[in-house]
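Undergrad: Give me the fold of what follows.
(one chain, ligands or ions: 1)
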Amino acid sequence: MTIKSTLPPGAILLPGFVTVAEEEALLRALDGGAWSSELKRRVQHFGYRYDYRARAVTADAWLGYLPDWLMPLCRRLETETPFRRMPDQAIANEYMPGQGIAAHVDCVPCFSDRVASLSLGSACEMIFRHRETGERLLVRLDQNALIVLTGAARYDWTHEIPARKSDVVNGERVQRARRVSLTFRNVVI
Ligand SMILES: O=C(O)CCC(=O)C(=O)O
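TA: Numbers count the residues shown, from 1 in each chain. The predicted model follows:
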């Protein structure tokens with residue numbers, strides 16, 4: 001069965017949110033930082049540490065303010081996107097070919113009502129699944145695009161990235177390359 005290619009209600013996609021030069025600078029800054037291998041994919045946490053086991057952010061999880069190099073992007077999230085505020089937490093995820101992220105809704109008691117994710121390095125397919133009806137939607141997240149999840153997309157649909165080495169895009173098999181995402185949130189504690 002083919003999956004409909006459309007955004008779930010409440011999801012807003014902003015293609016080309018950063019330029020190639022900005023993308024390179026963000027990737028350089030991330031690769032100059034300390035990637036953690038606590039999961040199958042490597043991650044970096046900024047602002048607050050998210051505890052994957054407890055599925056929680058605790059008050060003692062504060063890591064400090066978001067780094068200066070993220071500030072221009074954070075200001076743009078506040079003024080130019082439906083995210084509409086300064087985030088205080090960010091997680092970078094690195095996906096090598098074959099890696100993905102399991103279906104989930106971002107922790108509801110931990111994070112506020114908006115989540116924004118920027119795709120760097122390459123594109124990917126994100127699958128949304130309605131928590132009650134099981135309906136599935138396929139969304140292509142292009143390199144340098146930003147997706148903002150609000151409303152139903154934030155709460156009523158899970159999102160996931162299938163762990164695959166290639167995807168079929170417009171009928172053609174495309175090998176995956178390294179993708180790094182930067183996901184922004186506001187902690188509620
Ligand atoms: O890689 C992405 O764009 C999504 C990341 C994500 O869903 C998460 O960090 O919870």
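Undergrad: Tell me the residues on this protein that lie near the ligand, please.
TA: When proximity is defined as Cβ under 6 Å from any ligand atom, the chain approaches the ligand at 91, 93, 101, 106, 117, 159, 161, 181, 183. Where C-beta positions appear, they are placed from N, C-alpha and C, glycine not excepted.
Undergrad: Write down the beta-bridge partners of the third one, one by one.
TA: Just to be clear, that refers to residue 101. Counting by DSSP bridges, residue 101 forms beta bridges with residue 161.
Undergrad: With the first one instead?
TA: Counting by DSSP bridges, residue 91 forms beta bridges with residue 45, residue 183.
Undergrad: need the contact list for it.
TA: Taking Cβ atoms under 8 Å, 6 or more residues apart in numbering as the contact definition, residue 91 lies against 43-46, 50, 182-183, 185.
Undergrad: which one's the longest helix in the chain?
TA: The longest helix of the chain (DSSP state H) is helix 20-31.
Undergrad: Return that one as PDB; C-alpha atoms alone will do.
TA: Provided in PDB are the C-alpha atoms of helix 20-31 (Å, rounded to 0.1, in the frame of the first residue of the first chain):
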ATOM      1  CA  VAL A  20      24.500  25.900   2.300                       C
ATOM      2  CA  ALA A  21      27.100  28.200   4.000                       C
ATOM      3  CA  GLU A  22      25.000  28.200   7.200                       C
ATOM      4  CA  GLU A  23      24.500  24.500   7.000                       C
ATOM      5  CA  GLU A  24      28.300  24.000   6.700                       C
ATOM      6  CA  ALA A  25      29.000  26.300   9.700                       C
ATOM      7  CA  LEU A  26      26.400  24.400  11.800                       C
ATOM      8  CA  LEU A  27      27.900  21.000  10.900                       C
ATOM      9  CA  ARG A  28      31.400  22.300  11.700                       C
ATOM     10  CA  ALA A  29      30.300  23.600  15.100                       C
ATOM     11  CA  LEU A  30      28.500  20.300  15.900                       C
ATOM     12  CA  ASP A  31      31.500  18.200  14.700                       C
END
